[in-house]
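*Asks:* 3D, please:
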Amino acid sequence: MRRLASRRFKKTRNSPSRVARQAVWRRPEVYPVVRFTLCFGVCWGVALGVLALAPRVSDWAVRGTVASLLFLLRVLAIKVQVVGSSLSIGGYTFIIGDDCTSLTPTAGLWAAMIAFQATVRWKLIGLAVGAILLWVFNVLRILLLVPIYHWAPTALEFFHIYVWQVMTLAFVGSLFILWHNLQLPRRSRP
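*Replies:* Residues are numbered from 1 along each chain as shown. Predicted coordinates for the structure are as follows:
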């Protein structure tokens, strides 16, 4: 009788119905997802905290964005006047603020890359290349607002707030997926 009870216990302990009743976050196949989500949340929170508590970082990014725009506009032989963080192009003035930099999208991309399982070398490559590509994307984004402001000034707010925000999120997501797909597979350990 005792032998029968132990078999029944083993059978019920490993039965499919018990596994199906198990909480989703306690299943082994879900651990990487939970780990990524928690690590991403912590990294994202730390990045936003640093940006909020260290205004010099944002000031540096604004000055760098203005300098990049000024350089590119001079290369394109477009007359521009710069006063602080505002650019005057063809009679239109653009003020570059903290949200006009690529800091927040870069922080999101970095948080995802740090949270994802990859080698340290691959993460560092992704962080550097991702930051550069997001900086270039952001400068081009601001430059493309100039003709919109010239030809359709009423549409500027819509493009600036809605279209480019979605495009930036899509670009960050695409960079992360590209970075993930380009990484070399880990060697299997014997």
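*Asks:* Show the secondary-structure elements that the helix or strand containing Leu109 is packed against.
*Replies:* Assigned by DSSP states H and E, Leu109 falls within helix 103-115. When contacts are defined as 3 or more CB pairs under 8 Å, 6 or more residues apart in numbering; DSSP states H and E, helix 103-115 sits against helix 31-53, helix 55-75, helix 120-151, helix 164-182. (Each C-beta comes from the backbone N, C-alpha and C, glycine too.)
*Asks:* Let me have the ones you listed in a markdown table, adding mean neighbour count and mean pLDDT as columns.
*Replies:* Shown next, in a markdown table, are these (neighbours: other CB atoms under 10 Å; pLDDT from 0 to 100):
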| stretch | mean neighbour count | mean pLDDT |
| --- | --- | --- |
| helix 31-53 | 13 | 89 |
| helix 55-75 | 15 | 90 |
| helix 120-151 | 16 | 92 |
| helix 164-182 | 15 | 94 |
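*Asks:* Make TSV from those and add distance to Asp99 to it.
*Replies:* Shown next, in TSV, are those (distance: least, CB to CB, whole Å):
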stretch	distance to Asp99
helix 31-53	11
helix 55-75	9
helix 120-151	11
helix 164-182	10
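*Asks:* picking that back up, could you check the angle the helix holding Leu109 makes with helix 31-53?
*Replies:* Inter-element angle recorded for helix 103-115 and helix 31-53: 150 degrees (by axes from the mean of the first three to the mean of the last three CA atoms, to 10 degrees).
*Asks:* chain center to helix 103-115, what's the gap?
*Replies:* Computed by CA atoms, centre = their mean, to the nearest Å, the chain-centroid distance of helix 103-115 equals 4 Å.
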